[in-house]
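K.L.:
pasting a predicted model and its sequence here:
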Amino acid sequence: MAMVEKAETGMEEITHQEISKEERSLESGSSKPDGQTKCGMDYLAIREANIAENRAEMVKCGLFEEKKPKQAAVKRKKMPTPAPTRRSSRVKELPKVNYDDEDWEVEHFGKRRRVGAKNDHVDKVVEETKRKSPRELVSIDYGMMDANMDEEIFCHGCKQWVVPPCAGCGDCSMQFVHPDKLKLEVVRSKVGGAGQGLINNGATIVTGTLVGPYTGNFVSIDDYKKEEKKGRESGYAWLLYDSETMDKPCGYIDPGSSPDPALNKLAKANHPSKKHELSFVGCQYKGNIYYRAIKDILPDQEVFVDYGPEYAAELGIDPSTFDTYTRPENHKTVAIPCPSCDTPFSAQHFLDAHLQSCRKKKQSSSRDVGNKQGPAGGKVPCINSSCGKSYCDQVVMMCHYRKAHLGEGFPCTDPSCSKVFTQKCTMQRHYKTVHLEQKPYKCITCGQLFQRYGNLKGHVDAVHLGKRPFICGDCGATFALPHHLKGHVTSQHSAMPPRFACTHPGCSSSFTVKASLKLHMMDHTGERPFPCPYESCNERFKAQYQVNAHIKTAKKHAGHRLASKFIDDYLLPFTCQAEGCINRYETEVERDRHMEKLHPA
């Protein structure tokens with residue numbers, strides 16, 4: 001009689017039969033007569049039938065799940081998913097540095113390791129401190145991704161990480177350009193102590209352009225660590241990660257400690273001292289490092305690349321003030337632009353006066369004036385035959401003639417001023433700007449006021465656009481204004497003797513710059529026109545910058561500095577909300593305008 005026992009859940013059931021001694025002998029394969037062998041085989045068939053019957057009964061009662069026959073293995077198709085958000089965990093570790101700003105797009109960028117000075121002009125070498133991990137990434141499930149992580153590029157058109165070309169934007173937002181195709185010139189960086197830098201002397205490099213690849217030799221992790229221990233790392237190396245997950249460091253691209261500007265031009269780009277100057281970020285693509293433009297890089301702008309918070313700390317950059325705008329601001333009112341030429345004015349009545357003579361509205365009259373030029377080389381000779389001078393057009397020539405030959409002029413209407421002008425409009429402008437102190441032009445970005453449009457334009461180009469078109473041919477120093485370059489060449493590279501000699505009896509000092517002579521003369525006269533603003537302090541100085549330094553550093557003004565901080569908290573209660581900016585404002589409207597103009601999203 002069969003007896004059935006149930007095995008533990010998930011195990012196959014076992015059927016036990018009571019077997020006689022003869023049957024056991026048959027199962028063991030003992031040699032028996034043919035009749036007995038046949039009987040043993042019949043028994044085995046009966047046993048298999050019992051097992052099958054028991055199994056069928058258990059399946060019917062739901063006590064056992066019948067196994068399906070195996071099929072051929074089929075590779076499971078991966079479901080397409082959008083590219084994951086790729087943010088480095090270093091953002092969470094150092095949130096004040098502002099490297100998590102979306103405009104910077106620092107996610108999954110290679111990180112450049114730069115330790116020590118890279119410039120022949122720098123005498124001070126930064127000492128290495130405890131090194132941090134070169135790159136840390138958040139844990140991401142890459143199981144559903146088919147493409148390698150470093151085959152994706154951030155598209156500035158659709159704001160997504162995609163495998164180029166972008167399905168929605170094409171390749172317009174991610175053009176690959178070799179550095180030799182761009183007019184990038186190695187100059188002396190405007191960042192103090194940074195040495196050589198890179199400036200764009202060609203056309204605008206549009207947002208999303210990928211410049212590269214970054215050139216150099218591949219160095220393994222172990223070899224680079226050996227160089228670090230010896231203090232011989234180059235400081236120009238970018239860290240590479242495994243192509244599939246971008247999670248494990250696999251080596252460095254290193255151009256060496258003295259990169260050749262012709263072969264390793266990208267190595268000369270510096271880290272910015274202020275966030276708004278950042279123009280490039282490094283990113284890894286198919287095992288190479290590229291510099292990706294995160295904004296339009298205009299002609300005459302120095303290009304800056306993000307090296308990461310570790311190197312920023314080595315440069316001495318304070319993360320709490322990294323994004324602070326340090327120049328004067330005026331957000332009590334907003335600039336009013338001309339609808340024709342976009343010139344911004346500080347008040348409506350200045351705009352109304354401008355509209356009466358706006359050049360864009362009077363282009364036809366401007367062409368008529370141009371037709372009055374003389375035939376010989378576009379020059380108009382003076383009508384006084386004995387003069388021999390010529391001018392660019394008829395108007396300028398007549399001004400010269402009235403002043404030089406007829407003695408005519410327009411004296412300033414202020415009785416205390418003795419200046420005389422050749423044109424009435426010039427005299428009126430002088431009176432308004434000098435004596436009435438009118439400042440009709442207003443910067444759209446910071447709100448600073450200016451007396452002349454040329455001064456406003458120079459301010460925008462130099463401060464807000466960072467243009468430095470004037471380059472010294474001897475040392476590569478760059479300047480925003482031509483007279484700054486002229487003064488630099490005169491004082492640093494000119495072989496001519498100094499032109500400005502001290503006239504004080506017994507003094508033989510001479511100077512190449514007139515302003516230096518003026519300060520020197522104060523040592524003889526004892527003149528100190530700039531006093532300390534605190535009533536308890538009687539000190540006076542030769543220049544305002546000396547007053548500022550005195551206020552910030554003098555020990556006797558430590559109490560004043562502390563009091564000023566509390567006063568600012570009371571009088572300027574609204575603090576900028578952008579990380580890395582500590583500016584304060586009197587009203588919430590001013591604070592909001594500051595953030596809108598100087599910290600745009």
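P.N.:
Looks like it arrived, so ask away.
K.L.:
next, count neighbours for Lys486.
P.N.:
13 (other Cβ atoms under 10 Å). All C-beta atoms are positioned from the backbone trio N, CA, C, and that covers glycine.
K.L.:
that one should be in a strand, yeah?
P.N.:
No - the assignment for Lys486 by DSSP: H, G, I helix; E, B strand; the rest coil gives helix, which leaves it out of any strand.
K.L.:
do you know how far it is from Gly458?
P.N.:
Counting by Cβ to Cβ, to the nearest Å, the gap from Lys486 to Gly458 is 15 Å.
K.L.:
ditto for Ala495
P.N.:
Taking Cβ to Cβ, one finds Ala495 at 30 Å from Gly458.
K.L.:
more neighbours: these two, which one.
P.N.:
A count of neighbours by other Cβ under 10 Å puts Gly458 above the other of Ala495 and Gly458, at 15 against 4.
K.L.:
enumerate every residue touching the more buried one.
P.N.:
480-481 (Cβ atoms under 8 Å, 6 or more residues apart in numbering).
K.L.:
ok, it to Asp171 distance?
P.N.:
38 Å.
K.L.:
burial of the residue nearest to His560 when sequence neighbours are not counted, as a residue count?
P.N.:
In space, and not counting its chain neighbours, His560 is closest to Tyr534: 5.8 Å by Cβ to Cβ, 6 or more residues apart in numbering. Neighbour count of Tyr534, defined by other Cβ under 10 Å: 15.
K.L.:
confidence score at Tyr534?
P.N.:
In this model, Tyr534 is scored at 91, pLDDT.
K.L.:
that one touches Gly559, doesn't it?
P.N.:
No - using Cβ atoms under 8 Å as the test, Tyr534 is too far from Gly559 to be in contact (10.0 Å).
K.L.:
who are the contact partners of Lys565?
P.N.:
By Cβ under 8 Å, 6+ apart, Lys565 lies in contact with nothing.
K.L.:
over to the one 3 residues further on?
P.N.:
The neighbours of Asp568, taking Cβ under 8 Å, 6+ apart as the test, are Arg584.
K.L.:
check Pro259 too.
P.N.:
Pro259 sits next to 216, 236, 267-268 when contact means Cβ under 8 Å, 6+ apart.
K.L.:
Ala267 versus that one, what's the distance?
P.N.:
For Pro259, the distance to Ala267 - Cβ to Cβ - is 4 Å.
K.L.:
who touches both of those two?
P.N.:
Common contact partners of Pro259 and Ala267 (Cβ under 8 Å, 6+ apart): 216, 236.
K.L.:
could you tell me whether Gly388 really is in a helix?
P.N.:
No - using three-state DSSP, the assignment for Gly388 is coil, not a helix.
K.L.:
hmm, it is touching Cys382, no?
P.N.:
Yes - using Cβ under 8 Å, Gly388 makes contact with Cys382 at a distance of 7.2 Å.
K.L.:
looking at this structure, which helix or strand is least sure?
P.N.:
Sorting the helices and strands of the chain by mean pLDDT, DSSP states H and E puts helix 90-93 at the bottom, at a mean of 32.
K.L.:
next secondary structure element downstream of the helix or strand containing Ile199?
P.N.:
Applying DSSP states H and E as the criterion places Ile199 in strand 196-200. Once strand 196-200 ends, the next helix or strand along the chain (criterion: DSSP H and E) is strand 210-211.
K.L.:
now for that next one, which elements pack on it?
P.N.:
In terms of contacts (3 or more Cβ pairs under 8 Å, 6 or more residues apart in numbering; DSSP states H and E), strand 210-211 is packed against strand 176-177, strand 280-285, strand 288-293.
K.L.:
according to the record, where do the domains of the chain fall?
P.N.:
3-60, 90-314, 336-355+371-492, 543-601 (automatic domain parsing).
K.L.:
which of those has the lowest mean pLDDT?
P.N.:
domain 3-60 (a mean of 54).
K.L.:
returning to what we had before: most neighbours among the contacts of Pro259, which one is it?
P.N.:
Neighbour counts for the contacts of Pro259 (other Cβ under 10 Å) peak at Ala267, which has 28 neighbours.
K.L.:
separation between that one and Pro261?
P.N.:
8 Å.
K.L.:
which residues of the stretch 451-600 of the chain fall in strands?
P.N.:
With DSSP state E, counting those that start in this stretch as the criterion, the stretch 451-600 of the chain has strands at 470-471, 478-479, 500-501, 510-511, 530-531, 540-541, 574-575, 584-585.
K.L.:
quick one: strands adjacent to the first one?
P.N.:
Yep, that's strand 470-471 we're talking about. strand 478-479 (antiparallel) (DSSP bridges).
K.L.:
check the fourth one too.
P.N.:
Sheet neighbours of strand 510-511, with direction, are listed as strand 500-501 (antiparallel) (DSSP bridges).
K.L.:
next up, the contacts around the closest residue to Leu598 other than its chain neighbours.
P.N.:
The spatial neighbour of Leu598 that comes closest, neighbours along the chain excluded (Cβ to Cβ, 6+ apart), is Tyr325 at 5.0 Å. Residues in contact with Tyr325, defined by Cβ under 8 Å, 6+ apart, are 446, 581, 583, 594, 598.
K.L.:
what secondary structure does Tyr325 sit in?
P.N.:
Classification of Tyr325 using three-state DSSP returns coil.
K.L.:
distance of it relative to Leu456?
P.N.:
Distance from Tyr325 to Leu456, by Cβ to Cβ: 17 Å.
K.L.:
hmm, back to that, confidence score at the residue nearest to Leu598?
P.N.:
With respect to pLDDT, Tyr325 scores 93.
K.L.:
do you know how far it is from Val187?
P.N.:
Separation of Tyr325 from Val187 (Cβ to Cβ) stands at 25 Å.
K.L.:
before we move on, what about Cys507?
P.N.:
Taking Cβ to Cβ, one finds Cys507 at 38 Å from Val187.
K.L.:
before we move on, what about Thr553?
P.N.:
Thr553 is 33 Å from Val187, by Cβ to Cβ.
K.L.:
ditto for Cys412
P.N.:
From Cys412 over to Val187 the distance is 43 Å, taken as Cβ to Cβ.
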